[in-house]
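**Student:** Need coordinates for the following:
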Amino acid sequence: MQATPSSELAMSALGTSAWSRRTGGKLSPADRWRLDLQLIVSRIGRLAASTRRRLGLDDRLLAQADSADLGLPDCADARRTLEHARFLLPGWLLQHSLRTYAWGSALARSRRVAYDRELLFVAAALHDLALAEPRRACASPACFAARGAASAGRFADSLGWAAERRQRLEDAISLHLNVRVPLAAGAEAHLLHAGAALDCIGTGLAEIAPQTVQQILDRYPRQGFKSRIADALETQARTHESTRTGFLLRLGFSGLIQSAPFPE
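**Tutor:** Prediction:
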């Protein structure tokens, strides 16, 4: 099918895999302006959500976990993905990836979002692959999310995924470093970003029941996550200042990590 001009524009939007291939993950002045705008919209959204909760107007469910939120999908591709992630990721980063899936699944329940559970799991398990390659910090493309998206796409090829589903996987991973990923970008992209943000800085934690939070933390322990993820991101930002990682750290993202409502 021939792409329309509007769909071509959408495919090359900031943070997508098409944008990453075109730019190498390096931000232009216009891209930095777009991220500033995302930040403003995100802050307004958080303030509005806080106000709705305070006034008792929030009709979202307080998410309670079930086995689907906590465990991997029962399918061959998810099992192969978990084996792949275990081979490539250090333990602390693997646990972050699994928590990201669990948080994303719980937030889907709270926000009543329908999604492809297998695709979200694969995206979450593989979204930080490039952070496990410190010796390749200077590799191309500059953005680690872009490199991780490409690696995940090649793995999806080995699973026999169709091109459209592989594209959704790559976009979800490439987009997850944006300040904001709306539902219009795809349910899995939205939930991957939300799950990773919750695990890093606590955004959205109030949507999940306390007992469910504890279940997830008990099942996938944090293992000193705050200091380890901050160090990994700072390494990326030092070598690639012009990427979204550099942008986020200049905004004080490391401080947000350290002040997240988790002990470590």
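**Student:** which helices and strands sit right next to the longest helix seen in the chain?
**Tutor:** Across the chain, the longest stretch assigned as helix under DSSP state H is helix 29-54. Counting contacts by 3 or more CB pairs under 8 Å, 6 or more residues apart in numbering; DSSP states H and E, helix 29-54 packs against helix 244-250. The C-beta positions use only the backbone N, C-alpha and C, and glycine is treated the same way.
**Student:** Identify the residue nearest the residue nearest the centre of the chain in space, chain neighbours excluded?
**Tutor:** Geometric centre of the chain, nearest residue: His193, 3.3 Å, by CA atoms, centre = their mean. Closest residue to His193 apart from its sequence neighbours, by CB to CB, 6 or more residues apart in numbering: Val181 at 3.8 Å.
**Student:** Got the phi and psi for Ile208?
**Tutor:** phi -120, psi 130 (degrees, to the nearest 10).
**Student:** quick one: it from Arg109, how far?
**Tutor:** Separation of Ile208 from Arg109 (CB to CB, to the nearest Å) stands at 9 Å.
**Student:** And the two? Which one has more around it.
**Tutor:** A direct count of neighbours by other CB atoms under 10 Å for Ile208 and Arg109 places Ile208 higher, at 24 against 20.
**Student:** Can you give me the neighbour number for Glu164?
**Tutor:** Counted by other CB under 10 Å, the residues lying close to Glu164 total 7.
**Student:** Report the distance from the strand or helix carrying it to the chain centre.
**Tutor:** Applying DSSP states H and E as the criterion places Glu164 in helix 163-175. On the basis of CA atoms, centre = their mean, to the nearest Å, helix 163-175 sits 12 Å off its chain's mean C-alpha point.
**Student:** tell me what it is packed against?
**Tutor:** Helix 163-175 sits against helix 17-23, helix 117-126, helix 144-159, helix 187-201, with contacts defined as 3+ CB pairs under 8 Å, 6+ apart.
**Student:** Dump those to a markdown table, plus mean pLDDT.
**Tutor:** Putting the helices and strands packed on helix 163-175 into a markdown table (pLDDT from 0 to 100) gives the following:
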| stretch | mean pLDDT |
| --- | --- |
| helix 17-23 | 93 |
| helix 117-126 | 97 |
| helix 144-159 | 96 |
| helix 187-201 | 97 |
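**Student:** and the ones you listed as JSON lines, adding distance to Thr212?
**Tutor:** Formatted as JSON lines, the helices and strands packed on helix 163-175 follow (distance: least, CB to CB, whole Å):
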{"stretch": "helix 17-23", "distance to Thr212": "32"}
{"stretch": "helix 117-126", "distance to Thr212": "17"}
{"stretch": "helix 144-159", "distance to Thr212": "27"}
{"stretch": "helix 187-201", "distance to Thr212": "12"}
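**Student:** Gly45 is nearest to which of those helices?
**Tutor:** Nearest of the helices and strands packed on helix 163-175 to Gly45, taken as CB to CB: helix 187-201 at 11.7 Å.
**Student:** Of all the helices and strands packed on helix 163-175, which one is nearest His176?
**Tutor:** Nearest to His176, of the helices and strands packed on helix 163-175 and by CB to CB, is helix 187-201 at 4.8 Å.
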